[in-house]
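Student: Based on what follows, work out the 3D shape:
(one chain, ligands or ions: 2)
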Amino acid sequence: MTHYDLLILGSGSGNSLITPYWDDKKVAIVDGGIFGGTCLNVGCIPTKMFVYPAQLADSVDEAARLGVDLEFKGARWGEIRERIFGRIDFISDAGRKYRDSELENVDLYAEFATFTSPKSMVTASGKEITADKVVIAAGSRAVLPDIPGIDLPQVHTSDTIMRVDFPQRVVVVGSGFIAAEFANIFHSLGAKVTQLSRSGELLRTHDPLVSERFTAEASKRWNVLHATPTAVESATDGGVVVRYENPDQGGTEAGEIAADVVLVATGRVSNVDRLDPQPAGFDVADGILSVDEFQRVLSNGQPLDGVFALGDVSNTYQLKHVANREARVVIHNLEHPEDLRATDHRAVPSAVFTHPQVASVGLTEPQARELAEREGWAEDELAIAVQEYGSTAYGWAMEDQTGFVKLLARKSTGEILGAHLMGHEASNLIQPLVQAMQFGTDAHTLARAPYWIHPALMEVVENALLSLGTKDSGTL
Ligand SMILES: Cc1cc2nc3c(=O)[nH]c(=O)nc-3n(C[C@H](O)[C@H](O)[C@H](O)COP(=O)(O)OP(=O)(O)OC[C@H]3O[C@@H](n4cnc5c(N)ncnc54)[C@H](O)[C@@H]3O)c2cc1C
Ligand SMILES: NC(=O)c1ccc[n+]([C@@H]2O[C@H](COP(=O)([O-])OP(=O)(O)OC[C@H]3O[C@@H](n4cnc5c(N)ncnc54)[C@H](O)[C@@H]3O)[C@@H](O)[C@H]2O)c1
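Tutor: Ligands and ions are numbered 1, 2, ... in the order given. Sure, this is the predicted structure:
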């Protein structure tokens, strides 16, 4: 048995916890997967490195509308893939070597491990590790529907799809973040894409206007079927046949579609079940490890001293910037047990890097209506504004016909409740709204106090804020 000052389970966001504070202390980092975790190896970073070339390919259609004739001659997928993974694999490998052999005070266990008590683990090869402090950053994994043929080699999750040779025919199963991003990448780079959506509505957890308009836009670009897969079968040409049926009345009729590869993007679950949480007495609720606001793991509803968790294993956001924020809180709380700080989850934004881009923060319209009803607000207290990109000068320059900013606010106070953007650079345009929600800036003050550069596309946010008609804060 080897004892450490700190044991970290998971080398994704967990890797950032080893600050200079631990230089003269013993640290164990345990990871049975690829060093560096999901975001670096199979998540945010490589996907966005494919999204950008896809965006360049998309510009051909946009340019044509504006009288500029470009030609898409094709994408050198193999080259793109080698460039992306040449960079990423190098970073992952260098990180692993640094932890494994260059730091004297850190031991890397490249194995899966399970808990035997809150502060002790056993690795797959039987090594026992104990520690004074423990951080669980074990992430999440893709879930697959239980249908015949799901284990065929042509069926992928986001973990493996980016390493394939370019497929001419792709079936994407699911309607969430991952499905939207990959359907767009493969379509834009020249593949024939069919997306199977169980509900027929893409990005369904977003505001209904986003879901409705994104579904319409995506359906113009690739084949979106209101259907769910029932089986995948090998085909004689080396590909597969995906059988599908309509999940409810009004859906696509049953049928089959041939594909080279299938990407299954039907959600991710916390890895907590694979840690053996019972012997450790960890609380698990709704499939995630329970933590308090200081990221301390709970046992029978009480925080365990010196045991923390962060990221996808213990939150339902499943976003890297949330895992990073929680990691900063854990870094502080590990080093200052007498001055614990809480994680602030008030205004967590997200973006879907597809085409058109989507970005959101705060309440959707149904959630805001529910709040208004619960709190007995007057009829017109909920202010809603929808501002089209095309209503601004830069939108004219772009001849934009799809982009919009939708805002929800409380009329009498100007409190911004939610923001939902779809269109060019939505992931950047949303940032001032995130700031305002975080700092409690009301809609009128945000529109009037700072200068907004004219005629930047950001004016669409300024105009949406003014369109809300919330209380006049007096700022001219
Ligand atoms: C395709 C894709 C695209 C994404 N894009 C974005 C994006 O654009 N923006 C965004 O904010 N988020 C994005 N995400 C989500 C983001 O990647 C995750 O929220 C984030 O990486 C979670 O970090 P983590 O530290 O909690 O877990 P991870 O980075 O997954 O780290 C967990 C580590 O724990 C290890 N582990 C698990 N169990 C054990 C065990 N029992 N023993 C030993 N080791 C174990 C795993 O091998 C893994 O390396 C994306 C995710 C995917 C899949
Ligand atoms: N840009 C980003 O920030 C980004 C990008 C990718 C992933 N992520 C994170 O990763 C998480 C997982 O992404 P995801 O797209 O897998 O999950 P998701 O929860 O966004 O979407 C899952 C989709 O699969 C559908 N589905 C579930 N079971 C099904 C079944 N049996 N048959 C057919 N459809 C089914 C659901 O209806 C839903 O549309 C996201 O929640 C997100 O937080 C973030």
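
Student: Quick check: buried residues in stretch 355-375?
Tutor: 355-365, 368, 371-372 (16 or more other C-beta atoms under 10 Å). For every residue, glycine as well, the C-beta is placed using N, CA and C.

Student: From Glu338, how far out is whichever residue of the stretch 301-450 of the chain sits closest to ligand 1?
Tutor: Ligand 1 sits closest to Gly311 of the stretch 301-450 of the chain, with a gap of 2.1 Å, by C-beta to the nearest ligand atom. Going from Gly311 to Glu338 by C-beta to C-beta, to the nearest Å gives 25 Å.

Student: Neighbour count: these two, which is higher?
Tutor: Gly311 (34 against 4; other C-beta atoms under 10 Å).

Student: right, and that one touches Gly10 too?
Tutor: Yes. Between Gly311 and Gly10 there is a contact under C-beta atoms under 8 Å: 7.4 Å.

Student: what residues are shared contacts of those two?
Tutor: Ala137, Ala138, Gly139 (C-beta atoms under 8 Å, 6 or more residues apart in numbering).

Student: Can you convert those residues into TSV and add a column each for distance to ligand 2, secondary structure and pLDDT?
Tutor: Listed next are these as TSV, based on distance: C-beta to the nearest ligand atom, whole Å; DSSP: H, G, I helix; E, B strand; the rest coil; pLDDT from 0 to 100:
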residue	distance to ligand 2	secondary structure	pLDDT
Ala137	16	coil	98
Ala138	15	coil	98
Gly139	11	coil	98
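
Student: For the residue in the stretch 1-150 of the chain that ligand 2 sits nearest to, the count of nearby residues, please.
Tutor: Here the residue of the stretch 1-150 of the chain nearest ligand 2 is Pro145; by C-beta to the nearest ligand atom that distance is 3.6 Å. If you count neighbours by other C-beta under 10 Å, Pro145 ends up with 14.

Student: Could you find the closest non-adjacent residue to it?
Tutor: Thr266 (5.8 Å; C-beta to C-beta, 6 or more residues apart in numbering).

Student: Let's verify the residue nearest to Tyr394 when sequence neighbours are not counted: helix, strand, or coil?
Tutor: Of all residues not flanking Tyr394 in the chain, Leu457 sits nearest, at 4.1 Å (C-beta to C-beta, 6+ apart). Of the three states, Leu457 takes coil under DSSP: H, G, I helix; E, B strand; the rest coil.

Student: Can you give me every residue that contacts the closest residue to Pro118 other than its chain neighbours?
Tutor: Excluding its sequence neighbours, the residue lying closest to Pro118 (C-beta to C-beta, 6+ apart) is Ala280, at 4.7 Å. By C-beta under 8 Å, 6+ apart, Ala280 lies in contact with Phe115, Thr116, Ser117, Pro118, Ser299.

Student: Can you give me the distance of Ala280 to Leu9?
Tutor: Taking C-beta to C-beta, one finds Ala280 at 11 Å from Leu9.

Student: before we move on, the earlier item: so which of the buried residues of stretch 355-375 comes closest to Ser427?
Tutor: Taking C-beta to C-beta as the measure, Ala359 is the one of those closest to Ser427, at 4.8 Å.

Student: Is the closest one bridged to anything, and to what?
Tutor: Ala351, Leu421 (DSSP bridges).

Student: from what I can see it touches Leu421, true?
Tutor: Yes. Using C-beta under 8 Å, Ala359 is in contact with Leu421, at 4.7 Å.

Student: Who are the packing partners of the helix or strand harbouring Leu196?
Tutor: Counting by DSSP states H and E, the element that carries Leu196 is strand 192-197. Here strand 192-197 touches strand 169-173, helix 177-188, strand 223-226, going by 3 or more C-beta pairs under 8 Å, 6 or more residues apart in numbering; DSSP states H and E.

Student: then the first one to PDB, C-alphas only?
Tutor: Put plainly, it is strand 169-173. What follows is strand 169-173, C-alpha atoms only, in PDB (Å, rounded to 0.1, in the frame of the first residue of the first chain):
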ATOM      1  CA  ARG A 169     -22.200   8.200 -46.300                       C
ATOM      2  CA  VAL A 170     -22.800   8.900 -42.600                       C
ATOM      3  CA  VAL A 171     -25.800   8.200 -40.400                       C
ATOM      4  CA  VAL A 172     -25.900  10.300 -37.200                       C
ATOM      5  CA  VAL A 173     -28.100   9.000 -34.400                       C
END
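
Student: The stretch 1-150 of the chain: helices as residue ranges?
Tutor: For the stretch 1-150 of the chain, helices defined by DSSP state H, counting those that start in this stretch occupy the ranges 37-42, 44-65, 77-97.

Student: which residue does the protein bring closest to ligand 2?
Tutor: Gly176 (2.0 Å).

Student: Could you measure from that residue over to His355?
Tutor: 16 Å.

Student: got it, and Val329?
Tutor: On the measure of C-beta to C-beta, Val329 and His355 end up 35 Å apart.

Student: How is the nearest residue to Gln55 once chain neighbours are set aside assigned, secondary-structure-wise?
Tutor: Leaving aside its chain neighbours, Gln55 sits nearest to His355 (6.8 Å; criterion: C-beta to C-beta, 6+ apart). Look at His355: counting by three-state DSSP, its state is coil.

Student: His355 contacts Leu56, correct?
Tutor: No. Applying C-beta under 8 Å, one finds His355 not in contact with Leu56, separated by 11.2 Å.

Student: Look up phi and psi at the nearest residue to Arg346 once chain neighbours are set aside.
Tutor: Spatial nearest neighbour of Arg346, chain neighbours left out: Gln438 (6.5 Å); criterion: C-beta to C-beta, 6+ apart. Note on Gln438: backbone dihedrals following degrees, to the nearest 10 are phi -70, psi -40.

Student: And for the one 10 residues further on?
Tutor: With angles defined as degrees, to the nearest 10, Arg448 shows backbone torsions of phi -100, psi -30.

Student: and the closest residue to Asp107 other than its chain neighbours, how many neighbours?
Tutor: Leaving aside its sequence neighbours, Asp107 sits nearest to Ala28 (C-beta to C-beta, 6+ apart; 5.0 Å). Around Ala28 there are 24 other residues, counting by other C-beta under 10 Å.

Student: Just the pLDDT for Ala28.
Tutor: On the pLDDT scale, Ala28 is placed at 98.

Student: before we move on, the earlier item: of the shared contacts of Gly311 and Gly10, which qualify as buried by neighbour count?
Tutor: Ala137, Ala138, Gly139.

Student: From ligand 1, how far off is the last one?
Tutor: In this case it means Gly139. Gly139 sits 2 Å away from ligand 1, going by C-beta to the nearest ligand atom, to the nearest Å.

Student: quick one, what contacts that residue?
Tutor: Gly10, Gly12, Gly37, Thr38, Ser270, Asn271, Gly311, Asp312, Val313.
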